[in-house]
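Asks: Next come a sequence and a model predicted from it.
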Amino acid sequence: MAQARNLLFNHRLRFALTCYAFVLPTVMLLAVFVYLPVIWAFTKSLYEFEIGGDSRWVGLRNYVEFLTQDPTTFPSIANMLFLTFFAVAMRLTIPLIVAKLIYSLPEERGRHFYRIMFLIPIVVPGVAIQLIWLGLVYADAGLVNETLAALGLDAWQRGWLSDPNTALAAMAMIGFPFIGGIDVLIYYAGLASIPQSVHEAAWLEGCVRLSKFFRIDIPMVMSQLKLILILTIIGGVQSFEGVFIVTRGGPGFKTTVPGLWMYFNAFSFQRMGYACAIGVSLFIVIFGLTLLNLKYFKSAEQLEGR
């Protein structure tokens, strides 16, 4: 009996060591390229330095400057919140409605066709999309102004990205009609996973059409809504590339966001310590919002009490 236990223990040990051996390279790559840079950013945020120069300890001075002295901080945070909340509102509604319309088609061939059609635009790089909106939609002779001219609304024409009154709203509208292929597929997968017995019970109770959509479908795809919400918040808080490509934060600071200001401080002003402090601040915001989302936004499984 003791020999059998030893053999079983040795077998389990070999199996565990084999599993750890497969996982170890991934953990090492994560440590080198993810965890160490994060630790480095936390550490260097307490210093004042530039690339190739000496570091000087300043403690929390970078954080104090960012939160109390930098005139761009709160306007950029307001811009970030506006863009993030707008993106959340769009990504939690429009792709879900489109996914529901596709799921409601009577034939699988039609559903498959539309899933493919909404997935194709994913292959277009995000930079290309930004440049298309910059050069073909918002230009002085772009789609928006030419459409207004055709409707006889010449007085409404303007430089949408150069006008301080419209620049931020114009940035938010990039991506219209906000039907992301990945979002549609995520919602479609959630709708397809709803048991057929639930649909039958809803039909027997007279819960159909809009009533069914709000009372059955939306609660049952709450896990997908939670995922999209987390991804949108994270992307909105840390994003800057779109603003950098289209407006570079202008006119003035009307479209500046903290991520873009961090980039400028790091690579234009050579204030790496201050840029690290901004990055750490954004990390804390993202981490806090994610925890709140996980705690208060319940998934479908949590609503069912699993």
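Replies: That came through, no problem. Residues are numbered from 1 along each chain as shown.
Asks: need the helices for the stretch 101-250 of the chain, in chain order.
Replies: 108-119, 126-132, 143-150, 167-173, 181-192, 196-204, 209-212, 218-220, 222-238, 241-246 (DSSP state H, counting those that start in this stretch).
Asks: Turn the ones you listed into a markdown table, columns for distance to residue 276 and mean neighbour count.
Replies: No exception for glycine: its C-beta is placed from N, CA and C like everyone else's. Output for those, formatted as a markdown table (distance: least, CB to CB, whole Å; neighbours: other CB atoms under 10 Å):
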| stretch | distance to residue 276 | mean neighbour count |
| --- | --- | --- |
| helix 108-119 | 38 | 13 |
| helix 126-132 | 25 | 13 |
| helix 143-150 | 39 | 14 |
| helix 167-173 | 26 | 20 |
| helix 181-192 | 31 | 20 |
| helix 196-204 | 50 | 11 |
| helix 209-212 | 50 | 11 |
| helix 218-220 | 41 | 16 |
| helix 222-238 | 14 | 18 |
| helix 241-246 | 19 | 19 |
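Asks: Can you tell me which of the ones you listed is nearest to residue 62?
Replies: Proximity to residue 62 (CB to CB) singles out helix 222-238 among the helices of the stretch 101-250 of the chain, at 18.3 Å.
Asks: by contact count, what packs against the closest one?
Replies: helix 73-91, helix 181-192, helix 258-267, helix 272-296, helix 300-303 (3 or more CB pairs under 8 Å, 6 or more residues apart in numbering; DSSP states H and E).
Asks: now the residue nearest to residue 194 when sequence neighbours are not counted: how far from residue 240?
Replies: Once flanking residues are discounted, residue 194 sits nearest to residue 220: 4.8 Å by CB to CB, 6 or more residues apart in numbering. Residue 220 sits 36 Å away from residue 240, going by CB to CB, to the nearest Å.
Asks: got it, and residue 265?
Replies: 12 Å.
Asks: The two: which has the busier surroundings?
Replies: Taking other CB atoms under 10 Å, residue 265 and residue 240 do not tie; residue 265 has more neighbours (23 against 19).
Asks: quick one on the thing from earlier: can you tell me which of the helices of the stretch 101-250 of the chain comes nearest to residue 53?
Replies: Of all the helices of the stretch 101-250 of the chain, helix 241-246 comes closest under CB to CB, at 24.9 Å.
Asks: Can I get the closest one in PDB? Just the C-alpha atoms.
Replies: What follows is helix 241-246, C-alpha atoms only, in PDB (Å, rounded to 0.1, in the frame of the first residue of the first chain):
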ATOM      1  CA  GLU A 241      -3.200  57.200 -30.300                       C
ATOM      2  CA  GLY A 242      -6.400  58.300 -32.000                       C
ATOM      3  CA  VAL A 243      -6.200  61.800 -30.600                       C
ATOM      4  CA  PHE A 244      -2.500  61.900 -31.500                       C
ATOM      5  CA  ILE A 245      -3.100  61.000 -35.100                       C
ATOM      6  CA  VAL A 246      -6.100  63.300 -35.700                       C
END
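Asks: contacts for it?
Replies: Residues from elsewhere that reach helix 241-246 (CB atoms under 8 Å, 6 or more residues apart in numbering): 126-127, 130-131, 133-134, 161, 171, 174, 249, 255-257, 260, 263.
Asks: what do you get if the cut-off is 7 Å, keeping everything else the same?
Replies: With contacts defined as CB atoms under 7 Å, 6 or more residues apart in numbering, helix 241-246 is touched by 127, 130-131, 134, 161, 171, 174, 249, 255, 257, 260, 263.
Asks: Now residue 172: closest residue in space, sequence neighbours ignored.
Replies: Per CB to CB, 6+ apart, closest to residue 172 is residue 86, 4.6 Å.
Asks: Share the number of residues neighbouring that neighbour, please.
Replies: Using other CB under 10 Å, residue 86 has 18 other residues around it.
Asks: next one: the one 10 residues further on
Replies: When neighbours are defined as other CB under 10 Å, residue 96 has 24 of them.
Asks: shaky segments in the chain?
Replies: For the chain, residues meeting the criterion pLDDT under 70 lie at 1-9, 297-306.
Asks: can you tell me which helix in it is longest?
Replies: helix 2-30 (DSSP state H).
Asks: residues of it that come out buried?
Replies: By neighbour count with 16 or more other CB atoms under 10 Å, helix 2-30 contains no buried residues.
Asks: Tell me the first helix or strand C-terminal of it.
Replies: helix 36-44 (DSSP states H and E).
Asks: Need the residues that contact the next helix or strand after that following helix.
Replies: Next in sequence after helix 36-44, counting helices and strands by DSSP H and E, comes strand 47-48. Here strand 47-48 makes contact (CB under 7 Å, 6+ apart) with 55-58, 273.
Asks: Over to stretch 259-269?
Replies: 72, 76, 238-240, 243-244, 249, 271-272, 274-275, 278-279, 282.
Asks: Apply 8 Å and report the result again.
Replies: 70, 72-73, 76, 80, 237-240, 243-244, 248-249, 271-272, 274-275, 278-279, 282.
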